[in-house]
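S.K.: need a structure here:
(4 chains)
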There are 2 protein chains.
Amino acid sequence: MSTELSPKAAEIASYAQTLLEAGGYNSFSYANIAAEVNISKASIHHHFPSKAELVRVVVSRYRQQALQGLELMERHQPDALSALKAYADYWSDCILGQTSSFCICAMLAAELPSIPDIAAVEVQGHFQDLSTWLTRILQAGQQSGQLSLNRAAEIEAKAFMAEIHGAMVAARGFGNPQVFPELAQLAIDRLTSVTN
Amino acid sequence: MSTELSPKAAEIASYAQTLLEAGGYNSFSYANIAAEVNISKASIHHHFPSKAELVRVVVSRYRQQALQGLELMERHQPDALSALKAYADYWSDCILGQTSSFCICAMLAAELPSIPDIAAVEVQGHFQDLSTWLTRILQAGQQSGQLSLNRAAEIEAKAFMAEIHGAMVAARGFGNPQVFPELAQLAIDRLTSVTN
DNA sequence: TTCAACCTACCAACTAGTAGGTTTAGTTCT
DNA sequence: AGAACTAAACCTACTAGTTGGTAGGTTGAA
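M.R.: Model prediction:
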């Protein structure tokens, strides 16, 4: 989908992602990027013809990396519960370690009605990717008896995703990063405890 | 906290809220409001000295209305579970009926690092308000035996709130408003089913 | 006469984006 | 090897339009 980027283009995309994490599509400008990346504002257009396209590429790479990361987790974790925990821990580490503090697709999904279509399509693609992966993991966990679902795996997957995204919002809204791992843990517990 | 607004000021605040719902703090300008509300761009400054203050007032009024609505639910519903359902149904109706499709505080919380402090403080205040109310409801439901909590009511309250906000994000990310009531229902079910 | 509500006409700063030229590095031709 | 060509990467300088905000005046009702 997206071709290899030159080192400078990658640097631009990477910083754009950082800015997206902080405040979404309309919170940053080419000037912000130019200042950080040591390139002229105009030269950004050499790498990315428009802001919409820049964000599209950022999200497209984000999707690729996410898919790779998820596949790796699935392969390296012994079972469904471990994979789910690995996913939650990944974000806990990001948020507590200040590597990054928000999923750019959750951010852009919130802003969806006001962002360019080409970017919106990519964002919705990530929602499909992630919910598909989660559905597969939950189904595996259900078959092995490790997880107990109240509803169809597809719906439980969406709910788990929503809890993770909601937990990111909560960490900011409560002004406390520690809230994220607390809520993420609860989301996992709910899939493991036996209900009647 | 916030004084009564003149009819025109209320109209401005109301439309600003609509725009905030769609795309957050940086997605709209005074020009957008001026066009809709039939007032000159400059005259908006007569009612609100700055954009930050306008948004602060919008969120402040939102908090007041929310608190009133929550109090009303608590008073008119026979029990904790009904109150919780009433809260979830309120948002389902908003989202399915296109009255509004997002909580502006969830939106602004996501964007928190990039919005003016005076607005951010108000947003975080709403998180306190709502989690306090939910905690009280959950405690009542627990004492009556109607709800069963796995964790402290404070944490379960934050988790429920996160599930609602996450469900709003999901409705947009999956491009399907119907996703919201599905996930909201699941959030409620989790508090009612007996676990071990 | 006072004052809130509103206006037009501005402003400087910033927005994404363009035009057109320069540098740099690699490739090809002799 | 050295000259010539190519093309990506980058620049300065600019544009038209928008941003939030100000100055100063008009209207109309109490």
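S.K.: So which bits of chain A are right by DNA strand C?
M.R.: A:28-32, A:41-42, A:45, A:49-52 (Cβ under 7 Å from any atom of the strand). Yep, even glycine has a C-beta here, placed from its N, CA and C like the rest.
S.K.: So which of those reach DNA strand D?
M.R.: Filtering the residues of chain A next to DNA strand C for proximity to DNA strand D by Cβ under 7 Å from any atom of the strand leaves A:41-42.
S.K.: Please, where are all the helices along chain A?
M.R.: Taking DSSP state H, the helices of chain A run over residues A:7-23, A:30-37, A:41-47, A:51-76, A:80-96, A:104-110, A:117-143, A:153-173, A:179-192.
S.K.: Let's have those in a markdown table, adding mean neighbour count.
M.R.: Shown next, in a markdown table, are the helices of chain A (neighbours: other Cβ atoms under 10 Å in any protein chain shown):
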| stretch | mean neighbour count |
| --- | --- |
| helix A:7-23 | 19 |
| helix A:30-37 | 16 |
| helix A:41-47 | 14 |
| helix A:51-76 | 17 |
| helix A:80-96 | 19 |
| helix A:104-110 | 26 |
| helix A:117-143 | 19 |
| helix A:153-173 | 26 |
| helix A:179-192 | 21 |
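S.K.: Reformat these as a markdown table; add mean pLDDT.
M.R.: Shown next, in a markdown table, are the helices of chain A (pLDDT from 0 to 100):
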| stretch | mean pLDDT |
| --- | --- |
| helix A:7-23 | 94 |
| helix A:30-37 | 92 |
| helix A:41-47 | 92 |
| helix A:51-76 | 96 |
| helix A:80-96 | 97 |
| helix A:104-110 | 98 |
| helix A:117-143 | 97 |
| helix A:153-173 | 98 |
| helix A:179-192 | 97 |
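S.K.: quick one on the thing from earlier: tell me the two of the residues of chain A next to DNA strand C that are most distant?
M.R.: Across the residues of chain A next to DNA strand C, the longest distance by Cβ to Cβ is 18.4 Å; it joins A:N32 and A:P49.
S.K.: which residue is nearest the middle of chain A?
M.R.: Averaging the C-alpha coordinates of chain A gives a centre point, and the residue nearest to it by Cα atoms, centre = their mean is A:C103 (3.7 Å).
S.K.: surely it meets A:M168?
M.R.: Yes. Taking Cβ atoms under 8 Å as the definition, A:C103 is a contact partner of A:M168 at 6.3 Å.
S.K.: Please identify every residue contacting each of these two.
M.R.: Shared contacts of A:C103 and A:M168 (Cβ atoms under 8 Å, 6 or more residues apart in numbering or on different chains): A:W91.
S.K.: Tell me the spacing between the residue lying closest to A:P181 once chain neighbours are set aside and A:H165.
M.R.: Nearest residue to A:P181 in three dimensions, chain neighbours excluded: A:S92, at 4.3 Å (Cβ to Cβ, 6 or more residues apart in numbering or on different chains). Remark: distance between A:S92 and A:H165 (Cβ to Cβ, to the nearest Å) = 14 Å.
S.K.: what does A:A16 give?
M.R.: 21 Å.
S.K.: cool, and A:G97?
M.R.: With Cβ to Cβ as the criterion, A:G97 and A:H165 are 19 Å apart.
S.K.: cool, and A:I12?
M.R.: Summarising the geometry, the distance separating A:I12 from A:H165, computed by Cβ to Cβ, is 26 Å.
S.K.: can you check A:T18 too?
M.R.: Counting by Cβ to Cβ, the separation of A:T18 from A:H165 is 19 Å.
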